[in-house]
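**Q** next input, structure requested:
(one chain, ligands or ions: 1)
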Amino acid sequence: MSDLNRLAGAPYAQNARPFFHGEEADAVGEVMASGQFGHGEVTEEFERALASYLGVPDVVAVASGTTALQIALAVASVGPGDEVVVPSMTFCATVQAICATGALPRFAEVDPRTMCTGSDEIEEALTPRTRAVLPVLYGGRAVDLSRTRDELAGRDVAVIEDAAHAFGSRRADGQRVGATGELTCFSFGPIKTLTCGQGGAIVPRTEEDAERARRMRLLGMIESPVQRARSISYTVDGPGLRAHLSQINAAIGLVQLRHIDEVASARRILWTQYEQGLKDLPGVDLVDVGVSASVPSMLAIHIPHREHVFTTLRDQGIGVGTHYPPNHLQPAFAPWHRSLPLTERIGRRNLTLPFHPLMSGHDAQIVVDALAGALR
Ligand SMILES: *Cc1c(COP(=O)(O)O)cnc(C)c1O
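**A** Presented below is the predicted three-dimensional model:
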């Protein structure tokens, strides 16, 4: 195992953490030696490698999952005054990306069993002002959105998937998340299944969308960085962000992608070990990620007496978390509050247990035993 994985404490002390394969530091060293830090050859190689892994013609790499969402919304022409249906049960980044475009979040319920917003929950939240729906593939679950797509066909409503948790997961038909659908966004942040340090990607469905995303990630300039290096001037023809993926980050991602199958199987095995241990604990509901087809990114449960369990485990040095505090209850999003009883209920009961590929089945059992103790 790589020295890069040296730990300060026991693996179960951390809720999530990156997993390295040992070649990342050399890959970064090569980029540093080249002196080319910005967008460049290595970034484009990473984009081609992602496209080939997902089985799609094109992928646009960006600086983070949040900017991927922001750019995807802009590519779908979502703007001020438009409504975007989004689960309240997601990382605040999803909602901030919507707000950054000037659009209004319309919070939707989740299915407590999966923590995902499916076709029923989306349908309930649609209004005449809906311009996009932005479901989140919680924990890596490859939510089936085919009914939503059918219902929205012919209406001017984009379906953008927040697949920050779902890199590598497959749908029932065997296709990877990102291989189908309209616009899919991934995050390669520090604790995601594949990490670039920071990074993200958009999978566009058309060449035109890809081109719009490419311009927007680099300040709205028409010329590619390679063209710009050779020309005397450049043209800015629309809005833009500073949201390209640096070569340093892309180099890390390229190494990580070469090892993704090992990581995926380690995550599935750990999830199943937890499942075995948790099934005899009364009052504990394990959130279903559809482990046979997905690459689980976290392990969430619903439990009674959450405050007590959280502090008891934390005081034993176990890295518990809550994913997520519902967004419709956040002060920043109060203008779009509406009553969401299921989300509010699981928002009080949800706990995530330490989950990352450095953990063994033995580590998982330590966590399960501590949880059983706290619930007694
Ligand atoms: C991590 C995450 C994001 C944001 O990605 P960053 O790379 O951190 O910007 C968005 N949505 C969800 C559900 C996430 O977990």
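
**Q** let me know how buried the residue nearest to R205 when sequence neighbours are not counted is, in neighbour terms.
**A** Counting by CB to CB, 6 or more residues apart in numbering, R205 lies nearest to E182, which is 5.4 Å off, once chain neighbours are set aside. C-beta here means a position set from N, CA and C on the backbone, and glycine is covered the same way. The number of residues packed near E182 is 21, by other CB atoms under 10 Å.

**Q** can you check L7 too?
**A** By other CB under 10 Å, 10 other residues sit near L7.

**Q** likewise A172?
**A** A172 sits with 10 neighbouring residues when counted by other CB under 10 Å.

**Q** quick check: it is in a strand.
**A** No - looking at A172 with DSSP: H, G, I helix; E, B strand; the rest coil, it is coil, so not inside a strand.

**Q** residues in contact with the residue nearest to R205?
**A** Neighbour list for E182: A76, A158, V159, I160, R205 [criterion: CB atoms under 8 Å, 6 or more residues apart in numbering].

**Q** what's the lowest-pLDDT member of those residues?
**A** Among the contacts of E182, R205 carries the weakest pLDDT, at 92.

**Q** shouldn't that residue be in contact with G181?
**A** Yes - using CB atoms under 8 Å, R205 is in contact with G181, at 7.3 Å.

**Q** what segments of this protein are helices?
**A** All helices of the chain, identified by DSSP state H, fall at 24-34, 41-54, 65-75, 92-100, 119-125, 146-152, 207-217, 225-230, 247-258, 260-278, 306-315, 341-349, 361-375.

**Q** hey, least reliable of the ones you listed by pLDDT?
**A** When I compare the helices of the chain, helix 225-230 is least confident, with a mean of 84.

**Q** can you list the buried residues in that helix?
**A** For helix 225-230, burial by neighbour count (16 or more other CB atoms under 10 Å) applies to P225.

**Q** which outside residues touch it?
**A** Under the criterion CB under 8 Å, 6+ apart, residues G38, H39, G40, L218, M221, Y234, H244 lie in contact with helix 225-230.

**Q** quick one, which of the residues you listed are buried?
**A** Here, 16+ other CB under 10 Å leaves H39, G40, L218, M221, H244 buried among the contacts of helix 225-230.

**Q** out of those residues, which two sit at the greatest distance?
**A** Within these, G40 and M221 form the most distant pair, 15.1 Å apart (CB to CB).

**Q** that older thread, quick one, which of the helices of the chain gets closest to I191.
**A** With CB to CB as the measure, helix 65-75 is the member of the helices of the chain nearest I191 (11.3 Å).

**Q** is any residue of that closest one near the ligand?
**A** Yes - against the ligand, helix 65-75 shows contacts by CB under 6 Å from any ligand atom at G65, T66.

**Q** what packs against that helix?
**A** Applying 3 or more CB pairs under 8 Å, 6 or more residues apart in numbering; DSSP states H and E, we find helix 65-75 packed against strand 60-62, helix 92-100, strand 158-162, strand 183-187, strand 200-203, helix 207-217.

**Q** could you dump the ones you listed to CSV with distance to the ligand and mean neighbour count?
**A** Converted to CSV, these look like this (distance: least, CB to the nearest ligand atom, whole Å; neighbours: other CB atoms under 10 Å):
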stretch, distance to the ligand, mean neighbour count
strand 60-62, 9, 29
helix 92-100, 4, 21
strand 158-162, 5, 24
strand 183-187, 3, 28
strand 200-203, 5, 29
helix 207-217, 13, 19
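
**Q** export the ones you listed as a markdown table, with columns for distance to D173.
**A** Output for those, formatted as a markdown table (distance: least, CB to CB, whole Å):
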| stretch | distance to D173 |
| --- | --- |
| strand 60-62 | 24 |
| helix 92-100 | 26 |
| strand 158-162 | 16 |
| strand 183-187 | 15 |
| strand 200-203 | 17 |
| helix 207-217 | 23 |
